[in-house]
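1. Just to be clear, the model below is a prediction. Sequence and coordinates:
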Amino acid sequence: MPSFRAGARDVSSGLSGVLALLHEEDRSRVEQDVAQTFTMEAPYETRFRVRWPDGSLHYLHTRGKLYRDHAGNPQRLTGVSWDVTEKELAESRLREKEEHLYFLAHHDVLTNLPNRRLLQDRMQHALAKARRSGGLAALIYFDLDRFKTINDSLGHAIGDRVLKEIASRLARQVRETDTVARLGGDEFVVILEQVEEAEKVAGVAQKLLLELTREVLVEGHRLYVTASAGISLFPTDSVDSESLMKNAETAMYRAKERGKNTCQYFTPDMNARARELLQFESGLRQALEQQQLVLHYQPQVDLMTGDLIGVEALVRWEHPERGMVPPGDFIPLAEETGLIVPIGEWVLRTACAQSRAWRQAGFSPVRMAVNISPRQFRQSDLTARVDEILRETGLEPGALELEVTEGMIMNDVEAAIATMEELGKMGVLLAIDDFGTGYSSLGYLKRFPIAGLKIDRSFVRDIPGDTNDAQIAASVIALAHNMNLRVVAEGIETADQLSFLRDKGCEHGQGYFFSPPCTAEELAARFLAA
Ligand SMILES: Nc1nc2c(ncn2[C@@H]2O[C@@H]3COP(=O)(O)O[C@H]4[C@@H](O)[C@H](n5cnc6c(=O)[nH]c(N)nc65)O[C@@H]4COP(=O)(O)O[C@H]3[C@H]2O)c(=O)[nH]1
């Protein structure tokens with residue numbers, strides 16, 4: 001561990017020894033840091049690179065202090081340096097992995113364009129900006145016409161080359177502030193920010209359509225591609241990103257019906273969905289009172305032994321006319337309207353009571369996982385409510401695992417950590433759901449008092465065939481293990497997926513391969529051991 005201590009007179013020579021080895025890029029910063037010690041009373045602390053005489057590069061962390069005599073003249077500058085090379089390299093490897101993982105998770109591998117996930121984020125930003133400025137924003141949804149013919153007749157490799165060309169043509173034609181994303185397949189979306197007049201959007205769409213129709217030359221084939229485009233406008237057609245996308249897609253289908261290679265604005269009569277939604281909302285209010293909500297439970301198993309280690313509670317709505325409504329169809333609406341708070345509380349109480357009932361019936365205890373929604377997570381009395389429900393139902397806190405998503409945490413990291421710490425102190429377990437889809441910095445992950453991560457179903461679906469997803473799943477497992485977190489893979493449907501995950505050391509999983517979510521009675525009969 002190199003160190004230097006120097007008297008006032010040989011300060012310059014002691015320092016110059018170190019300075020002689022300093023990496024050029026760090027020199028002026030270090031000199032400034034040291035010089036500041038002479039002008040300010042505070043000790044200095046700095047980190048820099050040096051090249052040892054044997055040519056190796058090292059990182060030093062130095063802390064130093066200036067001593068003055070009674071008259072205030074500098075007397076001694078002492079400093080101690082630590083070699084922090086290992087730590088620095090480990091941190092930079094982690095940062096690189098983090099950036100690589102982020103890129104993979106937010107871009108389409110074929111075209112390098114933002115994928116659906118990043119598109120959603122960009123849309124939120126564009127809408128927030130338009131909201132603040134009172135301006136317009138537009139979404140153009142493109143779908144290539146008869147693209148399947150190219151794929152089927154010339155093969156996927158050529159199809160891919162065409163998609164890449166289309167992607168770069170679209171990206172070249174829009175402003176830097178606009179976004180071009182690939183939704184997958186032959187669908188692309190363009191977000192136009194700072195739109196001056198609604199009428200001008202069709203002009204942009206036409207220009208893009210024209211650009212796409214230019215001949216594409218691939219391996220000697222002269223190909224002609226056309227597309228259909230649907231336009232929806234913020235705030236004219238809708239104020240939320242999800243319905244803007246739906247509207248643009250609806251308009252795109254109308255453009256296809258009208259004969260392809262054309263664009264179409266969304267109009268309200270295109271769907272009667274709005275009216276339907278209102279009815280749905282009042283129905284959902286009644287659902288709680290009239291006990292139309294039920295919980296299904298999906299087994300979580302140990303991938304090595306096949307043993308049941310937990311269950312995830314998933315809510316369903318037994319609608320009097322529509323039959324069983326999946327949560328994806330009503331949870332977003334419940335979240336928007338605030339109904340999620342009483343619904344979430346009902347779910348938690350019912351799941352805890354069920355878990356306790358199984359124990360009382362003599363079944364071996366298994367962990368109960370319950371989803372917490374963003375709005376629930378932000379409730380200031382969440383911990384108190386959880387505590388009350390645990391007391392009421394008599395379930396021990398360590399038997400309950402709350403699943404939160406990355407997005408919920410990253411919204412306000414400090415507040416989220418405080419809430420998670422309170423829950424952790426009570427003994428409740430926490431897991432991050434849908435991991436990989438959000439923006440968790442892996443650095444932050446260390447600060448979260450969590451027990452495990454769940455790899456999102458979207459990364460499991462195409463493994464082991466999709467190398468991109470396989471790489472993401474493997475990296476998430478390795479990183480989680482580095483941080484002593486256990487991993488649950490979601491959506492395992494095939495033996496190939498299972499063996500890939502098992503090979504990578506993933507300890508737990510759930511999915512149709514083991515069982516779909518089932519009723520409490522079915523679960524007890526099929527999985528619980530007395
Ligand atoms: N394709 C496929 N799907 C599989 C497989 N295995 C499980 N699934 C489905 O994946 C979803 C897993 O739940 P999630 O990621 O927490 O995603 C949940 C969760 O975000 C939300 N949700 C469900 N119940 C609740 C709840 O009580 N409260 C809150 N806040 N959200 C809930 O709704 C989402 C969807 O729930 P479900 O429709 O029940 O869908 C469930 C489950 O049925 C598989 O092998 N293949």
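-> That came in fine, so what should we check first?
2. Could you use CA atoms for every contact and neighbour count after this?
-> Fine.
3. pLDDT value on residue 416, please?
-> At residue 416, the predicted lDDT confidence score is 90.
4. actually residue 280, not the one I typed
-> 79.
5. what does the one 3 residues further on give?
-> Model confidence at residue 283, expressed as pLDDT, equals 89.
6. Sheet partners, orientation included, of the helix or strand harbouring residue 431?
-> Here residue 431 sits within strand 429-435, counting by DSSP states H and E. Paired strands of strand 429-435, with direction, are strand 400-405 (parallel), strand 452-455 (parallel) (DSSP bridges).
7. Compare these and give me the one nearest residue 22.
-> Each of the strands paired with strand 429-435 has some distance to residue 22 by C-alpha to C-alpha; the shortest is strand 452-455, at 41.7 Å.
8. By mean pLDDT, flag the weakest helix or strand of this protein.
-> Least confident helix or strand of the chain, by mean pLDDT, DSSP states H and E, is strand 4-7 with a mean of 35.
9. so what are the domain limits for the protein?
-> 4-83, 113-271, 297-527 (automatic domain parsing).
10. How about the secondary structure of residue 78?
-> Following DSSP: H, G, I helix; E, B strand; the rest coil, residue 78 is assigned to strand.
11. what's across from it in the sheet?
-> residue 5, residue 65.
12. Tell me how many other residues surround residue 36.
-> Close neighbours of residue 36, defined as other C-alpha atoms under 10 Å, add up to 14.
13. nope, residue 327 is what I meant
-> Counted with other C-alpha under 10 Å, residue 327 comes out at 14.
14. show me the contacts for residue 249.
-> By C-alpha atoms under 8 Å, 6 or more residues apart in numbering, the contact set of residue 249 is 141, 230.
15. just to revisit the earlier point, so which of the strands paired with strand 429-435 gets nearest the ligand?
-> Closest approach to the ligand among these is made by strand 400-405 (7.6 Å; C-alpha to the nearest ligand atom).
16. That closest one near the ligand at all?
-> No - residues of strand 400-405 contacting the ligand under C-alpha under 6 Å from any ligand atom: none, with a closest distance of 7.6 Å.
17. hmm, who's touching that strand?
-> Under C-alpha under 8 Å, 6+ apart, the answer for strand 400-405 is 352, 367-374, 377, 428-435, 438.
18. filter those residues by proximity to the ligand?
-> Among the contacts of strand 400-405, the residues lying close to the ligand (C-alpha under 6 Å from any ligand atom) are 371, 372, 373.
19. any idea how far the last one lies from residue 191?
-> Going back to what we said before, that points to residue 373. 28 Å (C-alpha to C-alpha, to the nearest Å).
20. would residue 344 count as being in a strand?
-> No - using three-state DSSP, the secondary structure at residue 344 is helix, not a strand.
21. Residue 508: neighbour count?
-> As a burial measure, residue 508 scores 24 neighbours (other C-alpha under 10 Å).
22. which residues does it bridge with?
-> Judged by DSSP bridges, the bridge partners of residue 508 are residue 302, residue 488.
23. If I look at it, what pLDDT would I see?
-> The model reports residue 508 with a pLDDT of 97.
24. and what of the one 10 residues further on?
-> Turning to residue 518, the model gives it a pLDDT of 96.
25. do the one 5 residues further on as well
-> Residue 523 carries a pLDDT score of 95 in this model.
26. again with residue 110
-> pLDDT, residue 110: 95.
27. That one: which element?
-> Under the criterion of DSSP H and E, residue 110 resides outside all helices and strands.
28. Might one say that it is in contact with residue 160?
-> Yes - at 7.3 Å, residue 110 counts as touching residue 160 under the criterion of C-alpha atoms under 8 Å.
29. Between those two, which is the more surrounded one?
-> Neighbours per residue (other C-alpha under 10 Å) separate residue 110 from residue 160, with residue 160 holding more: 17 against 13.
30. can you pull the contacts of the more buried one?
-> By C-alpha under 8 Å, 6+ apart, the residues touching residue 160 are residue 110.
31. tell me which element it is part of?
-> Assigned by DSSP H and E, residue 160 belongs to helix 156-173.
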